[in-house]
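*Asks:* How does the following fold in three dimensions:
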Amino acid sequence: MEQIYTIPVNEAFDAVLEKPECGCPICMLFRRLQEDELDIILGASMMEPDIRIKTNEQGFCLEHYKMMHGRRRMLGLGLILESHLAEVERLLDGPTVLGNKRAAATAALGELEESCYVCGRINKNLSAMIATVCYLWESDMDFRRKLERVDRFCLPHYRAILEYASKKMPKRTYIDFYDAIHAVEKRYITSLRSDVSWFCKKFDYRYDEEPWYNAKDSVKRAIAFLGTEPEEDIKDGRKNGGST
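*Replies:* I've put the predicted structure just below:
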């Protein structure tokens, strides 16, 4: 029986099976989590004291500041920044305890640069969803078939899934799981490498009259595969300044 926590994972895998161009199912889960967290932080949660304490201390990465600004909820963002800047000002002056205040202030600011409230929330929830992927593969044969049919996983999420599975699955189960997900990744990277090679050949005049086949967007797909960036957010590099 499907549980409530398995629904988002099944939906993501169903979506990429229906439209392979959607890419990695874990990236799809990441994007949904990100949208939810940004809606929450700029909504009612903004005024909850325990959350404000955390956002004051942790702040946000530049990418999430930009995304919040893009949502045009300017009062909410202004209130968040007002109290966070007060915390930053406190860090500038160093701790009140005895010691090397200059070094302590510098260290605290360095920690702040690596901190983001939204990233922390996303990473926590995404880890739970990766655990659900492994659980479903062990317990649900229908999901097992879904996983074996997806087009690909981006490389960082492929590694993250295997890292979790290697620690949590029984050894024999992990070997079978590894073989299944490795087959997905191997199939995709072999095809992708062939497309990128053909893309490069198309810049040779001897292949000018040859068709592009599936290679025209291969560089964009390769970048998305190696990172976690959605393909639609990666601009095309076109031959001869825009002509293909």
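
*Asks:* make it CA atoms for all contacts and neighbour counts henceforth
*Replies:* Noted.

*Asks:* Can you name every helix or strand that the longest helix out of those in the chain contacts?
*Replies:* When the chain is scanned for its longest helix (criterion: DSSP state H), the result is helix 171-201. Helix 171-201 is packed against helix 141-149, helix 155-168, helix 218-226, with contacts defined by 3 or more CA pairs under 8 Å, 6 or more residues apart in numbering; DSSP states H and E.

*Asks:* Show me what the second one is packed up against.
*Replies:* The criterion is 3+ CA pairs under 8 Å, 6+ apart, and the helices and strands that helix 155-168 contacts are helix 117-139, helix 171-201, helix 218-226.

*Asks:* report the angle between the axes of it and helix 171-201?
*Replies:* Taking axes from the mean of the first three to the mean of the last three CA atoms, to 10 degrees, one finds that helix 155-168 is oriented at 170 degrees with respect to helix 171-201.

*Asks:* which residues sit against helix 155-168?
*Replies:* Outside helix 155-168, the residues that touch it by CA atoms under 8 Å, 6 or more residues apart in numbering are 26-27, 130-131, 134, 174, 178, 185, 225-228.

*Asks:* Could you dump these into a markdown table with pLDDT added?
*Replies:* Supplementary listing: these in a markdown table, determined by pLDDT from 0 to 100:
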| residue | pLDDT |
| --- | --- |
| 26 | 97 |
| 27 | 95 |
| 130 | 98 |
| 131 | 97 |
| 134 | 97 |
| 174 | 97 |
| 178 | 98 |
| 185 | 98 |
| 225 | 95 |
| 226 | 95 |
| 227 | 88 |
| 228 | 72 |
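
*Asks:* Now which of those would you call buried?
*Replies:* When neighbours are counted using 16 or more other CA atoms under 10 Å, the contacts of helix 155-168 contain these buried positions: 26-27, 130, 134, 174, 178, 185, 225, 228.

*Asks:* host element of residue 115?
*Replies:* According to DSSP states H and E, residue 115 maps onto no helix or strand at all.

*Asks:* Quick check: closest non-adjacent residue to it.
*Replies:* The shortest distance from residue 115 to any residue that is not its chain neighbour, by CA to CA, 6 or more residues apart in numbering, is 5.3 Å, and that residue is residue 58.
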